[in-house]
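Student: structure of the sequence below:
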Amino acid sequence: MYWVIPLSNFISNFGPNKIVELDRHPLRIYPTPIVPEEISDKDKVHANFIANNENHLISFRCNGGIGFIEMLPDYDDRKNRLLDGNDRNNITAVMIGEIGSKSANEFADLEKWFPFNFLTLLGLATGSEVGAPWIELRDSRGKLVRRIHVSLGRPFFSKGHRSIDEVRNRGIGQLLTSSRYSLHQQESYLNPIIKHLIRSGLDNISLDDKMSHLFRAFDRLCKVYDLDIQDLTEELNDSQKAIVKRELNLAAETIRHEAKNAFNNDQRNSLMTIAGRVINSDNKDRKFGLALIDLTKKFGLSDADIVETHYQINPRSDGYKWHQVLSYYRGIVIHEGYFNFREKGYDHYDVVRIWKHLHDILIRIVLKMLCYDGTYQRSVFIPGDWAASWPVDWVKSDTQSSELGYE
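Tutor: Residues are numbered from 1 along each chain as shown. All right, here's what the predicted structure looks like:
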């Protein structure tokens, strides 16, 4: 009747349980005691407080039923061992859900319906990758029926950006529930994109690696939405298009003629390849910055217009527009591997600014893809708002560029 997975490296706050059906669930670690009706109203208030002292869960809906996450009895000790670096991987909580009408005779059955992506979503929420060592199937009384020893990840613990804080957002359960309605949940690209998002916010990796994970996630997203290529003639009028096409045809014909006079097959093949590329060179080109701007607009984000306006009023010393900065930094990370701040004089503060802003954009896009409409913790830090929660659509056309980190 139930599936159970132990959660490793899951660190979160747990709010008070508000679903009565879960008070004495057969798999609760701390089932809530029943308060006798015959005691006085004064004593009942105190008794209810004591009875619910350990009644803290993160609940969600899945397979037509109610599921929950509950901390282990020694959760605080396990959590502290992870935070202090004494443990690299540690089981801290359990996640329990209903099987409902689904088949669970073999692991192949689970592959058709089991919410494996929940672990990745918990990592997105908490900022640390979450794993599980096995899956248990239990009956209506909580008795173990079968344990499937399949590793669902054993990541090393590292703190990162907590996108959903249960103290401020109470949104983890909502994220898990809403993701089941997402058209992307069964797509193979979703989990890798979210994992890049998680890793781009980890505290223990370099700024170069953070940026690399971001760019790789955005590259994949742009490909998913067919934004990784642009038609270079799109903005030209018919006369300009005709001129470009004519000149390219002439150039390609000249190269083909040279190929006929080549001394060997290698030269001939190379020249014919070049001719083919020349004749089609007006069609497609890959410009990361422009593709990313198109991506933000596809999701209704106003960030690009805000930053471009900021750069018009406050021109950069290099004269770059925002999309040019994005393409430039991506080229450095992907092709050179790192920012050589010492020798090439890259502006460290500017790179950090771009990283935080892109990280925040990626969080918002992913949350939208997951149908999440709750609040989250943004990456761009504004003094005084550390405790604030923000809706996914908090960036509006009139948002100040300073709120995105651009002074």
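Student: what comes into contact with stretch 300-311?
Tutor: Contact with stretch 300-311 is made by 293, 296-297, 320-323, 357, 361, 364-365, 393, 395-397, 399-401, 404, 406, as judged by C-beta atoms under 8 Å, 6 or more residues apart in numbering. Bear in mind the C-beta positions are built from the backbone N, C-alpha and C, glycine included.
Student: can you say which of the residues you listed are buried?
Tutor: 293, 296, 320-323, 357, 361, 364-365, 395, 401, 404, 406 (16 or more other C-beta atoms under 10 Å).
Student: shaky segments in the protein?
Tutor: 230, 282-286, 383-387 (pLDDT under 70).
Student: all the helices of it, residue numbers only.
Tutor: With DSSP state H, the ranges of helices along the chain come out as 41-51, 75-83, 107-113, 117-126, 172-179, 190-199, 207-224, 238-260, 265-279, 288-298, 303-313, 322-331, 341-344, 348-369.
Student: pipe these into a markdown table and attach distance to residue 57 per row.
Tutor: Formatted as a markdown table, the helices of the chain follow (distance: least, C-beta to C-beta, whole Å):
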| stretch | distance to residue 57 |
| --- | --- |
| helix 41-51 | 15 |
| helix 75-83 | 12 |
| helix 107-113 | 23 |
| helix 117-126 | 14 |
| helix 172-179 | 9 |
| helix 190-199 | 24 |
| helix 207-224 | 31 |
| helix 238-260 | 62 |
| helix 265-279 | 60 |
| helix 288-298 | 36 |
| helix 303-313 | 36 |
| helix 322-331 | 42 |
| helix 341-344 | 46 |
| helix 348-369 | 22 |
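Student: so which of those helices is nearest residue 58?
Tutor: Residue 58 lies closest to helix 172-179 among those, at 5.1 Å (C-beta to C-beta).
Student: quick one, that closest one and helix 190-199 angle?
Tutor: Counting by axes from the mean of the first three to the mean of the last three C-alpha atoms, to 10 degrees, helix 172-179 points 150 degrees away from the direction of helix 190-199.
Student: same for helix 172-179, what does it pack against?
Tutor: Applying 3 or more C-beta pairs under 8 Å, 6 or more residues apart in numbering; DSSP states H and E, one finds that helix 172-179 contacts strand 56-62, helix 117-126.
Student: closest to residue 173 out of the ones you listed?
Tutor: The closest of the helices and strands packed on helix 172-179 to residue 173 is strand 56-62. By C-beta to C-beta, the value is 4.2 Å.
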